[in-house]
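# sequence-free structure coming up:
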């Protein structure tokens, strides 16, 4: 049996804490620790879980010690010791790029970056079911953002199955994450992102080969999940049944129905909680099967995107590919999905 | 000079009260009164304005009198006396259809219905700058909904100027109107309308001749304004400058820029209030000129839709057309716009 991959999570925020939990669930990985700069309730939740805690900087080290956080040392200490095979960098935007130059290259360690970083930070922009093979053995991989992941799963899957001529996608994004909703709420408004095309469609092109896509993004007055509407124009006529069959075959895509009472994002949040998942996370992309309409070459549809959760299984698969723990994408996806309770049917 | 059109507003709600105010501002119309069934603060606002008040039913008449509302009689009394030329029916959905059969046909009075009624209630689905002429002298006209009006102005204008092959429009609707936000709020979610295509695109086809359009609608967690995103595919290449020039020529369409600080629907609400308009109403459709992108035959853009206000000038023009007070659409539009302070530049 291969040695377990020794993983450090850098940045214990919305994504990092979920990745840490998911890594802990894998039998071919071990969580060496989590690294952060915070001394507040957020890092104390990691203490409760018994995760070894490291400081991201020497400055943070003394602050965290003063605050009574049982810090083992700095992340760099760990790297110096050669105790880490791979870092999942889930730090805020642009810090990953700095860490890459200052730490990961220096110590020759592998690293996964998140979608907030620029595409050129890594050799591969990753979504497991689209391009697992490209990440095999690589030093640097970027797991794309939640929106791009959802587009790559749904639109990418249909593109591979039928060939899309042009995809037009509008995203209604959650305004802010739950944990920071006190400081930057978007109240009673809708706020356009100030660029067309928005980056998500462009980013999906880095994952789904040959995809012609345009996206427009809006921020809504809510803080849980995004909702996407898609106008997918194929190269030939498409039927709803065909599309549903293709999506049923896609891992991490589930079908839901408004006629089953799944009326909005709120229904999915409640379903996630009722399923007993950690934090109520939905790792799948729910597509409304009864709100789908085909017209000639074109398919109209809507799907939800769990902004906090859907990239978590992608991080796990990326680790497996980069560490050559598994060369078959389907086997890695199955293993990850089993460990996280990912299903083809939410109810 | 022609006799003034004697207008009764039936239903003193979100639309009715605004139409009553707008009719009062016209020199070729007189407001005979407003009719409703309510005895609460809403009808008392009409009392404050000195509008003659009528009861929509005999049942309402006694209730309103008991509540101390100075009711002149029932709407039917007025019709019997031949005191009304035209009714603007702004009652809730489906009541207009009942009124048409039970009252308007019986007394041979003209009537305007709102977009909530089915298209076949009237001879014409009306947006002034698209098909004013079709309403000339007609007995029954339907002023389409706010969303359909906005689509007809923006997409319809570009269609007439350049020829659209296919329009794909996503609408993020306000969840409920302000006045009823206590009883049916949509909190922290996005709720898809449970039909694709949503009715707004279909409805726009009843106004804009030869328009090929598909729309998907979502309810956001806000109660002021809708926001639309459009992917407009033309028959030939389109440039942003051409599109802006065409929209500048469209009445009741204004250009705004995010670089001027118009960041979202909230900015427009505040601008409406700062302009000193009654209720802060914006009757124009604001289109973000710096968030517009052209790519070959296709144009991507976003616009806002004042759900309470943008159909008001349409009602006034419809009255003028039906009563043959003015046969030239442009003259009627100019007259209405001047009376309401409608502009080509909000700031």
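Cool, got the structure. Bear in mind the structure is a predicted one, so any value in this text is a computation, not a measurement.

# use CA for all of it now, contacts and neighbours both
Fine.

# can you tell me the helix or strand for residue A:237?
Residue A:237 is part of no helix or strand, with elements assigned from DSSP states H and E.

# which stretches in the stretch 51-200 of chain A count as helices?
A:58-66, A:75-80, A:95-99, A:105-107, A:128-131, A:146-162, A:199-205 (DSSP state H, counting those that start in this stretch).

# make TSV from those and add distance to chain B to it.
What follows is these, written out as TSV (distance: least, C-alpha to the nearest C-alpha, whole Å):
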stretch	distance to chain B
helix A:58-66	35
helix A:75-80	38
helix A:95-99	27
helix A:105-107	39
helix A:128-131	27
helix A:146-162	16
helix A:199-205	13
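
# most packed of the ones you listed?
Among the helices of the stretch 51-200 of chain A, helix A:146-162 has the highest mean neighbour count (mean count of other C-alpha atoms under 10 Å in any protein chain shown), at a mean of 24.

# which helices and strands sit right next to it?
Packing partners of helix A:146-162 (3 or more C-alpha pairs under 8 Å, 6 or more residues apart in numbering or on different chains; DSSP states H and E): helix A:128-131, helix A:199-205, strand A:226-234, helix A:240-249, strand A:285-288, strand A:298-305.

# what residues does chain A put near chain B?
Counting by C-alpha under 8 Å from any C-alpha of the partner chain, chain A comes close to chain B at A:168, A:170, A:172, A:187-192, A:194-197, A:216, A:220-224, A:227, A:229, A:231, A:258, A:263-266, A:291-293, A:300-301.

# quick one, which of those are buried?
Among the residues of chain A next to chain B, those classed as buried by 16 or more other C-alpha atoms under 10 Å in any protein chain shown are A:168, A:170, A:172, A:188-192, A:194, A:196-197, A:216, A:220-224, A:227, A:229, A:231, A:258, A:263-266, A:291-293, A:300-301.

# in strands only, show me the residues you listed.
Mapping those onto strands (DSSP state E) picks out A:168, A:170, A:172, A:191, A:192, A:216, A:227, A:229, A:231, A:293, A:300, A:301.

# isn't the third one up against residue A:218?
The reference is to residue A:172. Yes. If you go by C-alpha atoms under 8 Å, residue A:172 and residue A:218 touch, sitting 4.9 Å apart.

# list the buried ones in stretch A:332-342?
In stretch A:332-342, counting by 16+ other C-alpha under 10 Å, buried: A:332, A:333, A:335, A:336, A:337, A:339, A:340, A:342.

# can you list those in JSON lines and add distance to residue B:88?
Output for the buried residues of stretch A:332-342, formatted as JSON lines (distance: C-alpha to C-alpha, whole Å):
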{"residue": "A:332", "distance to residue B:88": "65"}
{"residue": "A:333", "distance to residue B:88": "61"}
{"residue": "A:335", "distance to residue B:88": "65"}
{"residue": "A:336", "distance to residue B:88": "62"}
{"residue": "A:337", "distance to residue B:88": "59"}
{"residue": "A:339", "distance to residue B:88": "63"}
{"residue": "A:340", "distance to residue B:88": "59"}
{"residue": "A:342", "distance to residue B:88": "56"}
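
# for the helices and strands packed on helix A:146-162, which one sits closest to residue B:153?
Closest approach to residue B:153 among these is made by strand A:226-234 (22.4 Å; C-alpha to C-alpha).

# please name every helix or strand in contact with the closest one.
Using 3+ C-alpha pairs under 8 Å, 6+ apart: strand A:226-234 touches helix A:146-162, strand A:164-173, strand A:298-305.

# quick check: mean pLDDT of that strand?
Strand A:226-234 carries an average pLDDT of 96.

# sheet partners, orientation included, of it?
Strand A:226-234 sits in its sheet next to strand A:164-173 (antiparallel), strand A:298-305 (antiparallel), going by DSSP bridges.

# domain ranges for chain A?
The record's domain split for chain A, according to automatic domain parsing, is A:5-144+A:311-340, A:146-305.

# what average pLDDT does the first one get?
Mean pLDDT, computed over domain A:5-144+A:311-340, is 96.

# again with stretch A:161-173
93.

# neighbouring contacts of it?
A:155, A:158, A:201, A:211-220, A:225-236, A:246, B:170, B:172, B:229, B:231 (C-alpha atoms under 8 Å, 6 or more residues apart in numbering or on different chains).

# can you add distance to residue B:319 and give the helices and strands packed on strand A:226-234 back as TSV?
Formatted as TSV, these follow (distance: least, C-alpha to C-alpha, whole Å):
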stretch	distance to residue B:319
helix A:146-162	48
strand A:164-173	38
strand A:298-305	38
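
# closest to residue B:73 out of those?
strand A:164-173 (49.0 Å).

# buried residues in that closest one, which are they?
By 16+ other C-alpha under 10 Å, the buried positions in strand A:164-173 come out as A:164, A:165, A:166, A:167, A:168, A:169, A:170, A:171, A:172, A:173.

# before we move on, back to that, in TSV, list the strands paired with strand A:226-234 along with distance to residue B:27.
Below are the strands paired with strand A:226-234 laid out as TSV (distance: least, C-alpha to C-alpha, whole Å):
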stretch	distance to residue B:27
strand A:164-173	44
strand A:298-305	48
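
# to residue B:40, which of these lies closest?
Comparing the strands paired with strand A:226-234 by C-alpha to C-alpha, strand A:164-173 comes nearest, at 37.4 Å.

# quick one: the closest one to chain centroid distance?
19 Å (C-alpha atoms, centre = their mean, to the nearest Å).

# that strand to helix A:146-162, inter-axis angle?
Strand A:164-173 and helix A:146-162 are oriented at 160 degrees to each other (axes from the mean of the first three to the mean of the last three C-alpha atoms, to 10 degrees).

# right, and residue A:92 touches residue A:116 too?
Yes. With contacts counted by C-alpha under 8 Å, residue A:92 reaches residue A:116, the gap being 7.4 Å.

# so between these two, which is more surrounded?
residue A:116 (18 against 12; other C-alpha atoms under 10 Å in any protein chain shown).

# nearest residue to the more buried one in space, please, no chain neighbours.
Distances taken as C-alpha to C-alpha, 6 or more residues apart in numbering or on different chains place residue A:93 nearest to residue A:116, at 5.1 Å, with adjacent residues excluded.
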